[in-house]
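A.B. asks: pasting the sequence and the predicted coordinates here, then a few questions.
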Amino acid sequence: MFPEYDVIVVGAGHAGCEAAVAAANMGSTVLLVTMNMQTIGQMSCNPAMGGIAKGQIVREIDAMGGYSGLVSDKSAIQFRMLNLSKGPAMWSPRTQNDRMLFAAVWREMLENTPRLDMWQEMVSGLMVSDSGKVYGVVTQMGTEIRAKSVVLTNGTFLNGTIHIGEKQMGGGRAGERGATGITEQLNSLGFDSGRMKTGTPPRIDGRSLNYDMMEEQAGDLVPSKFSYLPQSLALSKQRSCYVTYTNADVHDVLRTGFEQSPMFTGRIKGLGPRYCPSIEDKIDRFAERDRHQIFVEPEGWNTVEVYVNGFSTSLAQDVQQKALRLIPGFENAKMFRPGYAIEYDYFPPTQLLPSLETKLITGLFFAGQINGTTGYEEAGAQGLMAGINAHQLVNEKEAVVLRRDQAYIGVLIDDLVNKGTDEPYRMFTSRAEYRILLRQDNADLRLTELAFQIGLANEDRYKLMLNKRDGITKLSQQIKDCKLEPADVNEYLSAIPSPQLNQKSPLLPILSRPEINMKDLITAVDKVAELANSYDRDTIMGAEIALKYAHYIDRERELAHKMKRLEDINLHHNFDYNSLKSMGTEAKEKLSRIKPINLGQASRISGINPSDIAIIMVHLGR
């Protein structure tokens, strides 16, 4: 019934969708298997994409030729650039999205991808040869489907259990059953697994809320977008979100449910996300705080359903309802469905190569929450790289591994495979040591050429990047060459205020002042407006950042270059670390378990010291 595929992707969430389109667009034949074709690309939690560091990841996925940015733009109902009061390394794009439209756009894009088939059924097992190579999957109905590689993107479905107060039920998401069989088989093959927990807040009927009691949070006056492609358009209209706060009365009601809480009674064994805790966890851990912020987020253009961001909970339904109605604006709130927690199986990602292929089974890749991450963006990034590398493996090509100075995606995967995680991993700008290089505005300049070389980004996208790069170079030089008379700029400088000119001066030192930017200069100074007239907003921003932050950019590039020297020293898979008598026991154990592919990776393993790296280098004769 089925042909043999190059790649089978199990699961059609954010990781699975990106894996499937990446492999198919590179030329592989792909089968995407999902338990429910009506929930492809589902936003299981909040209806939003991007945010701090996450927005940079969406831009990187787009720059590589992935679809998350395009889908987000086409389904956006609000756009905001976060952290604009800070430096450009911290600027992070975020969209509020129409939940149903987001999934519909993903489904449409999958259906229009050549070489990509879809099949609705639960996968209950893998076909693995005696030599340790995967060669297909087995479905719940007993159907065997052969493939040269398999990507598992099971999300929260592996032995998923839903908790609401004292009630618990099997399920991978509200109204959907969990997946069984895969964890047990992988354990029997030698994989370690664990349990993690995540949660979601109640959904509310927006018609029952009093928005006059809340603070409005509108989108940007001039909204941007995620995708670098011109067919993706910025929003012409937007929907507002709102902000309100819990209070002492809310907390008192929530505490009445703690005795029945699965989190406090020990029924939930898995650790939840540290940086997105449940409301009961927040009031328990931060008892000194008398209020917590609540974001009221619309679920779409044409629905009254509202997402209560900040009120994730697994408390009993009646406790949730009573507490909600004590929040300002929620006095008459009607609930569509309660919040719940979900526990699921994951596999510690130190069992993976940097390509996301498992060390134990050739041709088997893991991506998304199965690796212990949380978030659509982190999942999509892993799916993209797993799909790329599944294609590369099938075609006997070198794996694509992004460095930490190339992309947040590189930081994410490097952290996972080297350090592992025992709690849901979330990306932050603080995790990246090369933040000024990994900005949201330059993801295309960093990644599109690589994506074009491997056959994922098309020629049109590549030419757009080249034109932008040339434009930034040209405008930067024009800014360096431009000189202003005092009469050109002093009126503007005095209004800021900023020191005025006494004589003709180059534009660059003026632009380098922290209180001055190109946008204001273009508005206030005719000569600068003429200079920038033929360039678009992204090119102007790129030139400004390149010039104003040149010292910091050069310093980070030099640090990255030094680290790359270690990346160039490869280590054999069967390197015998136990033979290094001068190395400590902890270092030997960790290096033997993780089996780093080069010295750079070895240096980033938790517990490995510079002296350990020096010992290896001496052993190698360097």
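C.D. replies: Looks like it arrived, so ask away. Residues are numbered from 1 along each chain as shown.
A.B. asks: point out where this structure drops to low pLDDT.
C.D. replies: Counting by pLDDT under 70, the chain has low-confidence residues at 262-272, 275, 622.
A.B. asks: domain-wise, how is it divided?
C.D. replies: Under the assignment automatic domain parsing, the domains of the chain span 5-154+182-198+344-453, 203-339, 459-553, 568-619.
A.B. asks: okay, how far is it across the longest one, tip to tip?
C.D. replies: When you say that, I think you mean domain 5-154+182-198+344-453. Length of domain 5-154+182-198+344-453, first residue to last, C-alpha to C-alpha, to the nearest Å: 24 Å.
A.B. asks: now it, how far from the chain's geometric center?
C.D. replies: Using C-alpha atoms, centre = their mean, to the nearest Å, the distance from the centre of domain 5-154+182-198+344-453 to the centre of the chain it belongs to is 9 Å.
A.B. asks: heads up, I number from 28, so please use that
C.D. replies: In the new count, where the first residue is 28, that last one comes out as domain 32-181+209-225+371-480.
A.B. asks: returning to what we had before: tabulate the domains of the chain in JSON lines, adding columns for distance to residue 191 and mean neighbour count.
C.D. replies: Glycine gets a C-beta too; all of them are placed from N, C-alpha and C. Output for the domains of the chain, formatted as JSON lines (distance: least, C-beta to C-beta, whole Å; neighbours: other C-beta atoms under 10 Å):
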{"stretch": "domain 32-181+209-225+371-480", "distance to residue 191": "13", "mean neighbour count": "22"}
{"stretch": "domain 230-366", "distance to residue 191": "6", "mean neighbour count": "18"}
{"stretch": "domain 486-580", "distance to residue 191": "45", "mean neighbour count": "16"}
{"stretch": "domain 595-646", "distance to residue 191": "36", "mean neighbour count": "16"}
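A.B. asks: who wins for proximity to residue 195 among the ones you listed?
C.D. replies: Residue 195 lies closest, by C-beta to C-beta, to one member of the domains of the chain: domain 230-366, at 6.8 Å.
A.B. asks: dump the domains of the chain to a markdown table, plus distance to residue 198.
C.D. replies: Below are these laid out as a markdown table (distance: least, C-beta to C-beta, whole Å):
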| stretch | distance to residue 198 |
| --- | --- |
| domain 32-181+209-225+371-480 | 10 |
| domain 230-366 | 13 |
| domain 486-580 | 40 |
| domain 595-646 | 34 |
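A.B. asks: closest to residue 187 out of these?
C.D. replies: Nearest of these to residue 187, taken as C-beta to C-beta: domain 32-181+209-225+371-480 at 4.6 Å.
A.B. asks: closest to residue 193 out of the domains of the chain?
C.D. replies: Ranking the domains of the chain by proximity to residue 193 (C-beta to C-beta) places domain 230-366 first, at 5.0 Å.
A.B. asks: where do the helices of the stretch 78-227 of the chain begin and end?
C.D. replies: For the stretch 78-227 of the chain, the helices defined by DSSP state H, counting those that start in this stretch occupy 81-91, 95-102, 126-138, 209-215.
A.B. asks: what packs against the second one?
C.D. replies: When contacts are defined as 3 or more C-beta pairs under 8 Å, 6 or more residues apart in numbering; DSSP states H and E, helix 95-102 sits against strand 75-77, helix 81-91, strand 119-124, helix 126-138, helix 403-421.
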